[in-house]
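**Q** this one's structure only:
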């Protein structure tokens, strides 16, 4: 007769799983690399003054400046992969935050500019008789006499087909008023 076979059961069934090294997902690594290349392209689109203010290694800064001079598609693609490699070796959170702030600041400035343009057009619209009242309701600190004078002059310029000198001056006054209001966009 054969002796019974004694099997040793592992104490921890999941010990084998814990010992395995879990490597990052290949797809995730590729998505991260593409994101870094996109970040490099955003950095390259900044002007020299903005690049100078960002905190980054000198090699990356020089590569971004070199990237501005490369115009061939294949070479540009390789160069941005190299920039992505440089970005992989550093912490990019601060760079991403700074770029987002710059982009958001530009969008915010554009929105303010368009808002002032709409107000100017509304004030110069002869059919909108309540435009000045609405402006004063929203911006009571405005210099009403100056605005009225500029509106009158701009209307005369429009009727006489003259250059819009008063319209531009009205825009500047409105812009200064909107910028001096802290609660506005």
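**A** Arrived safely, thanks for sending. These numbers come from a predicted model, not from an experiment. Numbering: from 1, shown residues only.

**Q** check which element follows the helix or strand of the chain with the lowest mean pLDDT along the chain.
**A** Across the helices and strands of the chain, mean pLDDT, DSSP states H and E gives its lowest value to helix 15-19, namely a mean of 61. Following helix 15-19 in sequence order, the next helix or strand is helix 26-45 (DSSP states H and E).

**Q** check what pLDDT the residue nearest the centre of the chain gets.
**A** In the chain, the residue lying closest to the centroid (Cα atoms, centre = their mean) is residue 103, at 1.5 Å. Looking at residue 103, its pLDDT stands at 78.

**Q** cool, and residue 11?
**A** Looking at residue 11, its pLDDT stands at 57.

**Q** okay, now the unreliable bits of the chain?
**A** Filtered on pLDDT under 70, the chain yields the residue ranges 1-19, 21, 183-185.

**Q** what's the angle from the host helix or strand of residue 117 to helix 26-45?
**A** Assigned by DSSP H and E, residue 117 belongs to helix 93-124. Relative orientation of helix 93-124 and helix 26-45, computed by axes from the mean of the first three to the mean of the last three Cα atoms, to 10 degrees: 60 degrees.

**Q** next one: helix 93-124 to chain centre, how far?
**A** Chain-centre distance of helix 93-124: 10 Å, with Cα atoms, centre = their mean, to the nearest Å.

**Q** repeat for stretch 34-47
**A** 12 Å.

**Q** next, the buried residues of it.
**A** 36, 37, 39, 40, 43, 44, 46 (16 or more other Cβ atoms under 10 Å). For every residue, glycine as well, the C-beta is placed using N, CA and C.

**Q** cool, stretch 73-92 as well?
**A** By neighbour count on 16+ other Cβ under 10 Å, the buried set for stretch 73-92 is 79, 80, 82, 83, 84, 86, 87, 92.

**Q** got the domain boundaries for the chain?
**A** 15-94, 109-180 (automatic domain parsing).

**Q** what is the end-to-end distance of the shortest one?
**A** Start and end residues of domain 109-180 are separated by 14 Å (Cα to Cα, to the nearest Å).

**Q** quick one: it to chain centroid distance?
**A** Put simply, domain 109-180 sits 29 Å off its chain's centre (Cα atoms, centre = their mean).

**Q** swap in the longest one?
**A** Centroid displacement of domain 15-94 relative to its chain, using Cα atoms, centre = their mean, is 18 Å.

**Q** report how many residues lie close to residue 63.
**A** Using other Cβ atoms under 10 Å, the number of residues around residue 63 comes to 21.

**Q** alright, I will stop here.
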